[in-house]
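[1] sequence and predicted structure, then a few things I'm wondering about:
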Amino acid sequence: MEAEKNSPAPSTGWWKRGPFARSLGHFPAVRKRWLKGVACALPASLIDVAAIPLVIRAILNGITAEEPMPLSEVGILCGAILVLGLLKGAAKFGMRFWITGASREFERRFRDNLFSHLTSLTPHDLSKVRTGDIMSRSIADLEAVRMLLGPSVMYLLSALIIVPTAVILMFVIDSDLALIMLGPFLFLAVIVKVAARPTQRWSETLQERLATLSTVAQENVSGIRVVKAFAAEARRGSDFRAMGEAFLDANVKLATLRGFTSAAIAIVKDLGVLAILLVGGWHLVQGDIALGDFVLFLDVLGRSLWPLIAIGWMLGLYTRAKTGAQRLEELFSIKPTVTDDQAEKNLEVTACSLRVKELSYRWNGSPTLKEVSFTLPAGKILGITGRTGCGKSTLIQLLSRQIEPPPKTVFLDDHDIVHLPLSRLRDSLAVVPQDTFLFSETIYDNIAFGRDEASSKDVEHAATAAQIHHEIAEFPEGYKTLLGERGITLSGGQRQRVAIARALAVDTPLLLLDDCLSAVDTATERAILTGLSDALKGRTAILVSHRVAALSLADRILVLDEGAVVEEGTHEDLLAEGGLYAAIEERQRIEEEIEEL
């Protein structure tokens with residue numbers, strides 16, 4: 001499947017079971033760029049902590065010596081500082097460019113992999129995951145992981161080079177001062193260690209509350225019509241404010257914790273510098289240390305403290321990234337229930353005859369379909385009707401493998417559809433679902449969605465058959481009209497007809513229409529059926545509807561009740577039997593007569 005094709009190679013080594021195993025699986029793709037950045041980190045850090053301070057030391061010792069250094073030599077050394085500064089800047093630019101670029105490339109690959117995985121899942125697989133939660137994880141959590149693999153790597157590299165080099169230099173200059181400074185260094189490590197656990201806990205809480213906030217916002221915007229219809233703006237706004245306050249509270253607590261940590265680090269750092277100034281100043285007065293060496297010590301100390309502080313910041317990023325990686329892994333842990341594991345690549349679909357044999361299915365433990373059997377020859381139309389909840393939509397989802405049917409129950413051209421490659425099956429059929437969904441694109445793009453090579457003539461022909469062409473033509477921008485989210489700018493009937501046009505434009509040999517005329521009036525329904533009668537000629541189709549009039553196109557009709565086939569035959573035969581189908585037709589006829597009064 002596409003998700004498996006784009007998945008990174010499994011990580012190897014001791015980290016392969018850690019929270020970042022999947023992230024590290026993308027490392028080979030960005031390794032060259034990342035290593036270039038790492039290579040730039042070494043000269044940048046060494047120039048910063050050693051080369052430039054040593055040149056400054058040489059200048060100070062030279063101009064304060066008994067025989068001052070000639071001005072020409074001072075100029076040369078100052079020029080050396082300028083050159084070193086330029087080299088440091090170039091190396092730092094390379095480090096940031098390549099490491100940050102590698103982290104962005106990782107982010108792109110990881111997000112593509114996540115999207116491929118999500119699109120490999122069925123609606124049933126994702127039924128327990130909220131859309132807002134998915135959005136939060138794919139943006140905020142992935143960004144946290146990227147920050148760890150990008151900026152954090154730069155700071156960690158700098159620290160690993162600068163701090164040991166600085167400690168060695170300080171011991172070489174004055175071992176007593178260096179020993180004094182080890183105390184604050186160790187205390188800084190203790191502060192970072194103590195703050196790590198509560199930081200991780202509040203990071204997890206913050207990301208969970210952000211996911212909840214995103215979900216509520218998405219649901220209320222998507223369901224704005226329902227909110228307006230029930231005058232629930234104030235109540236929903238109050239709920240949103242409460243969740244916003246909870247998110248703010250987590251942010252404040254996390255910021256407070258980080259503030260205390262930063263303040264404690266700053267205090268320890270400043271106390272250490274004060275101790276060095278007092279003791280080092282005494283050594284300078286006593287002549288135990290030269291001015292240049294003392295300045296070098298302070299300079300190296302100052303340059304080494306920032307990486308230590310950055311390590312604390314990096315550990316905070318690590319806790320957020322670890323939480324984010326774990327939350328992302330929860331999405332990847334959802335395994336698709338419909339796969340190509342049993343597919344036989346040599347199977348072909350030609351005529352699209354359909355046979356269902358003793359198909360039973362249970363939804364959440366409850367029997368939805370009970371031993372449904374029928375045969376639909378190629379080029380024929382089968383109508384399916386029944387009371388609400390009798391299993392009509394479930395049957396359509398099983399036939400299109402949106403839900404995995406049991407083996408040896410559904411056959412297309414005498415091939416068990418479980419053995420048909422999914423791409424080949426989906427290329428052979430088009431579905432108009434009961435719950436119409438349109439994308440936030442133009443009407444033209446929505447109709448041509450399933451067929452890349454569709455021409456304007458194909459799109460207009462499909463729209464005409466679905467009885468929506470004239471209404472589209474009356475829009476100011478016609479087929480270029482941009483739809484709102486889920487097609488909210490159209491009426492329910494218009495959305496259904498655009499969805500029908502989308503299915504017709506694909507021009508597949510098998511068409512599954514799941515109660516796609518429920519939102520149109522009787523006159524429009526008759527017009528659509530007239531258009532469909534021409535569009536369905538020579539095509540195998542299943543027409544699901546709770547309206548008897550819509551089944552007039554069918555060559556044969558199944559009547560479902562409580563998941564089982566209770567009647568089967570032509571429209572006239574079923575009316576003559578006087579069973580459930582006749583009762584449904586009688587009730588709908590009376591309703592239409594009442595509406596006409």
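    Yep, that arrived.
[2] every contact and neighbour count from this point should use C-alpha atoms.
    Will do.
[3] backbone phi and psi for Gly484, please?
    Phi and psi for Gly484, reported as degrees, to the nearest 10, are phi -80, psi -180.
[4] surely it touches Thr442?
    No - with contact defined as Cα atoms under 8 Å, Gly484 does not reach Thr442; the gap is 9.2 Å.
[5] so for the two, which sits in the more crowded spot?
    Thr442 (19 against 14; other Cα atoms under 10 Å).
[6] please name the nearest non-neighbouring residue to the more buried one.
    Distances taken as Cα to Cα, 6 or more residues apart in numbering place Leu482 nearest to Thr442, at 4.1 Å, with adjacent residues excluded.
[7] quick one: neighbours of that neighbour, just the number.
    18.
[8] residues contacting it?
    Contact partners of Leu482, counting by Cα atoms under 8 Å, 6 or more residues apart in numbering, are 440-443.
[9] chain neighbours aside, what residue packs nearest to the residue most central in space within the chain?
    What sits nearest the mean C-alpha location of the chain, by Cα atoms, centre = their mean, is Ser138, with 3.5 Å. Among residues not flanking Ser138 along the chain, Arg111 sits closest, at 6.9 Å (Cα to Cα, 6+ apart).
[10] for Val145, see how far away that neighbour is.
    11 Å (Cα to Cα, to the nearest Å).
[11] ok so, going back, isn't the residue nearest to the centre of the chain right up against Phe110?
    No - counting by Cα under 8 Å, Ser138 stays clear of Phe110, with 9.3 Å between them.
[12] now what about the helix or strand that contains Gln397, what contacts it?
    Secondary structure assigned from DSSP states H and E places Gln397 in helix 392-399. Under the criterion Cα under 8 Å, 6+ apart, residues 368-369, 384-386, 403-405, 410, 434, 512, 514, 544, 560 lie in contact with helix 392-399.
[13] hmm, 6 Å instead?
    403, 405 (Cα atoms under 6 Å, 6 or more residues apart in numbering).
[14] following that helix, which helix or strand comes up?
    From helix 392-399 onward toward the C-terminus, using DSSP H and E, the following helix or strand is strand 410-412.
[15] paired strands for that following strand, with orientation please.
    strand 354-363 (antiparallel), strand 415-416 (antiparallel) (DSSP bridges).
[16] how far away is Arg20 from Leu412?
    Actually, residue 20 is Phe. It isn't Arg. 43 Å.
[17] now Thr524
    Thr524 is 33 Å from Leu412, by Cα to Cα.
[18] the more surrounded of those two?
    Leu412 (24 against 17).
[19] tell me the pLDDT at the more buried one?
    For Leu412, the pLDDT comes out at 91.
[20] so it is in contact with Leu354, correct?
    Yes - using Cα atoms under 6 Å, Leu412 makes contact with Leu354 at a distance of 4.8 Å.
[21] contacts only, for Ala465.
    If you count contacts by Cα under 6 Å, 6+ apart, then Ala465 has Gly531 around it.
[22] try 8 Å
    Here Ala465 is in contact with 501, 528, 531-532, 534-535 (Cα under 8 Å, 6+ apart).
[23] export the residues you listed to CSV and tack on secondary structure?
    CSV is the format used below for the contacts of Ala465 (DSSP: H, G, I helix; E, B strand; the rest coil):
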residue, secondary structure
Ala501, helix
Ile528, helix
Gly531, helix
Leu532, helix
Asp534, helix
Ala535, helix
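[24] which two of those residues have the greatest separation?
    The largest separation in the contacts of Ala465, counting by Cα to Cα, is between Ala501 and Asp534 at 13.3 Å.
[25] of the two, who's got more company?
    Ala501 (27 against 10).
[26] quickly note the distance from the more buried one to Asp458.
    Counting by Cα to Cα - Ala501 and Asp458 are separated by 10 Å.
[27] then Arg236?
    Note on Arg236: its distance to Asp458, by Cα to Cα, is 44 Å.
[28] which of those two has more residues huddled nearby?
    Legend: neighbour count by other Cα under 10 Å for Arg236 and Asp458, higher for Asp458 (19 against 15).
[29] residue contacts, the closest residue to the more buried one other than its chain neighbours?
    Using Cα to Cα, 6+ apart and skipping residues adjacent in sequence, the residue nearest Asp458 is Ala505, 6.3 Å away. Each residue near Ala505 by Cα under 8 Å, 6+ apart is listed here: 447-448, 450-451, 454, 458-459, 461-462.
[30] would you mind putting the residues you listed into JSON lines with secondary structure and distance to Ala550 alongside?
    Listed next are those as JSON lines, based on DSSP: H, G, I helix; E, B strand; the rest coil; distance: Cα to Cα, whole Å:
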{"residue": "Ile447", "secondary structure": "helix", "distance to Ala550": "22"}
{"residue": "Ala448", "secondary structure": "coil", "distance to Ala550": "25"}
{"residue": "Gly450", "secondary structure": "coil", "distance to Ala550": "25"}
{"residue": "Arg451", "secondary structure": "coil", "distance to Ala550": "27"}
{"residue": "Ala454", "secondary structure": "coil", "distance to Ala550": "28"}
{"residue": "Asp458", "secondary structure": "helix", "distance to Ala550": "25"}
{"residue": "Val459", "secondary structure": "helix", "distance to Ala550": "24"}
{"residue": "His461", "secondary structure": "helix", "distance to Ala550": "21"}
{"residue": "Ala462", "secondary structure": "helix", "distance to Ala550": "19"}
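[31] out of these, the closest to Ala178 would be?
    Gly450 (70.5 Å).
[32] burial measure for the closest residue to the closest one other than its chain neighbours, as a count.
    Sequence neighbours aside, Val506 is the residue nearest to Gly450 in space, at 5.7 Å (criterion: Cα to Cα, 6+ apart). By the measure other Cα under 10 Å, the count of residues near Val506 is 24.
[33] list the contacts for Val506?
    Val506 neighbours (Cα under 8 Å, 6+ apart): 430, 448, 450-451, 454.
[34] out of the residues you listed, the closest to Leu254 would be?
    Of these, the one sitting nearest to Leu254 (Cα to Cα) turns out to be Gly450, at 47.1 Å.
[35] what about that closest one, how many residues close to it?
    17.
[36] just checking, it touches Arg502?
    Yes - if you go by Cα under 8 Å, Gly450 and Arg502 touch, sitting 7.1 Å apart.
[37] could I get the buried residue list for the helix or strand where the residue nearest to Asp458 lies?
    According to DSSP H and E, Ala505 maps onto helix 492-506. Neighbour-count burial for helix 492-506, counted by 16 or more other Cα atoms under 10 Å, picks out 493-506.
[38] distance from the chain centre to that helix, please.
    How far helix 492-506 lies from its chain's middle: 28 Å, per Cα atoms, centre = their mean, to the nearest Å.
[39] over to stretch 114-128?
    The answer for stretch 114-128 is 11 Å, by Cα atoms, centre = their mean.
[40] and the strand or helix carrying Arg108, what does it pack onto?
    Assigned by DSSP H and E, Arg108 belongs to helix 71-120. Helices and strands touching helix 71-120, by 3 or more Cα pairs under 8 Å, 6 or more residues apart in numbering; DSSP states H and E, are helix 2-6, helix 27-46, helix 52-64, helix 142-149, helix 151-173.
[41] pick the most buried one from those.
    helix 142-149 (a mean of 22; mean count of other Cα atoms under 10 Å).
[42] mean confidence score for that helix?
    In the prediction, helix 142-149 has an average pLDDT of 87.
[43] what does it rub up against?
    Contacts for helix 142-149 (Cα under 8 Å, 6+ apart): 103-104, 106-107, 111, 314, 317-318, 320-322, 324-325, 328.
[44] nothing else from me, thank you.
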